[in-house]
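Asks: Here's a sequence, model it:
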Amino acid sequence: MFVGHEFLALAAGIALARAAGLERERALTVGLVAGVSAALPDLDVLVAVVGAAGALAELSVAGWEQFWVASEGIHRGVTHTLLASASAAVVLAASAVGQRAARQGRRLEVSGAIAVGAATVFAVLAFLGPAVPRTGWLGYSLMLFGAIVVGGLVGSRSILGWRPVLGASLLGLLSHPFGDVFMASPPQACYPLGPFMTAPIRLAADPTLNLLGIALVELGAVWIGLFAVARVRDLNIVRAIDRLALAGLTFPLFMALLPTPTMAAAHWLGFPLVPFALLGLVPLRDSERAADERLYRSIATGTATLTLGLLAYGLLLLAPGLV
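Replies: Numbers count the residues shown, from 1 in each chain. Have a look, this model is predicted:
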């Protein structure tokens, strides 16, 4: 349930770039920068995973709850504030500018990029300082490290100027906190101001249907991203889906043998889905197609498989009430 942010940002980045008059390939690059940027705030979950590795290994409801406890104040903490997200976007753009300037031997520009990035980070540290625990700053450090790496790649492998890079990274990073409105406690995006939400949005009173609904919302975001890419690359999304996706219809048969999943025991939904998602790897073996087309077909097939599986499982859960 971490991919929805990225694909929505990808679609929004492409749409805005095209509206601004950028040609298709450059618009796709802007969308990719926005999408990857949207993933950076969730790097803080690695801190919680390390802290609760033993509990998660138990594959039990208690272990999953211990993970959520360990993640309090770390995941969806400082990294999910608009202030910290904006600073990461500036660092990403500065890294891109510095990388490109270094390759061209412009030392003064490199120094300027480093100074801008460092000043932005120090401003956040000074402003938030004592209000954030050490684990929160560790998560923030991971987000900044990711921003530096992504910025370096953008600077070395694209021709985007600093303005579209900064705009795309701001789009991805600033939109991320608002995509967590369905999960646990909503992030304090507007900190130090008051919370913009005090409780998550529930899609259903039944905990299993609520979890299933959230998963389908995430998949809906993936489809939006896939449609956006299809438009700029002249791809047929229906033809991109392998017939193996129909195997997703068998998903309810496996779920009938397992405990009923809920938000507290979400692994009983997530883990059984993994083998079905891996069916999306099959199109990668088609050597007659270009690498980027194979990747698109892989993601489309995997997403279609999961979508059919979850819809079929949802119908199974609703069936008693429909009869």
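
Asks: quick one: low-confidence parts of the stretch 51-200 of the chain?
Replies: Scanning the stretch 51-200 of the chain for pLDDT under 70 picks out the ranges 51-75, 183-186, 189-190, 192-199.

Asks: in it, which spans are strands?
Replies: With DSSP state E, counting those that start in this stretch as the definition, the stretch 51-200 of the chain shows no strands.

Asks: Around Phe227, count how many other residues there are.
Replies: With neighbours defined by other CB atoms under 10 Å, the count for Phe227 comes to 14. To be clear about C-beta, it is placed using only N, CA and C from the backbone, and glycine gets the same treatment.

Asks: and stretch 241-259, what's its mean pLDDT?
Replies: Averaged over stretch 241-259, pLDDT sits at 92.

Asks: ok, now stretch 13-33?
Replies: pLDDT averaged over stretch 13-33 gives 95.

Asks: could I get that stretch in CSV with only the CA atoms?
Replies: This file holds the C-alpha atoms of stretch 13-33, laid out as CSV (Å, rounded to 0.1, in the frame of the first residue of the first chain):
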residue,chain,number,x,y,z
GLY,A,13,3.4,15.3,-13.3
ILE,A,14,2.7,14.1,-16.9
ALA,A,15,-0.5,16.1,-17.1
LEU,A,16,0.9,19.3,-15.7
ALA,A,17,4.0,19.0,-18.0
ARG,A,18,1.9,18.5,-21.1
ALA,A,19,-0.3,21.4,-20.0
ALA,A,20,2.8,23.6,-19.8
GLY,A,21,3.7,22.7,-23.4
LEU,A,22,6.5,20.1,-22.8
GLU,A,23,6.8,17.4,-25.5
ARG,A,24,5.9,13.9,-24.6
GLU,A,25,9.2,12.4,-23.6
ARG,A,26,10.1,15.3,-21.4
ALA,A,27,6.7,15.3,-19.8
LEU,A,28,7.2,11.6,-19.1
THR,A,29,10.5,12.4,-17.4
VAL,A,30,8.9,15.1,-15.3
GLY,A,31,6.2,12.5,-14.3
LEU,A,32,8.9,10.0,-13.3
VAL,A,33,10.7,12.5,-11.2
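
Asks: hmm, who's touching it?
Replies: For stretch 13-33, the external contacting residues (CB atoms under 8 Å, 6 or more residues apart in numbering) are 9-12, 34-35, 150, 154, 158-160, 164-165, 167-169, 171-172, 228-229, 231-233.

Asks: I figured Leu171 was touching Ala12, is that so?
Replies: Yes - taking CB atoms under 8 Å as the definition, Leu171 is a contact partner of Ala12 at 6.0 Å.

Asks: How far does the biggest helix by length in the chain sit from its chain's centre?
Replies: When the chain is parsed with DSSP state H, its longest helix is helix 291-322. Per CA atoms, centre = their mean, to the nearest Å, the displacement of helix 291-322 from the mean C-alpha position of its chain is 19 Å.
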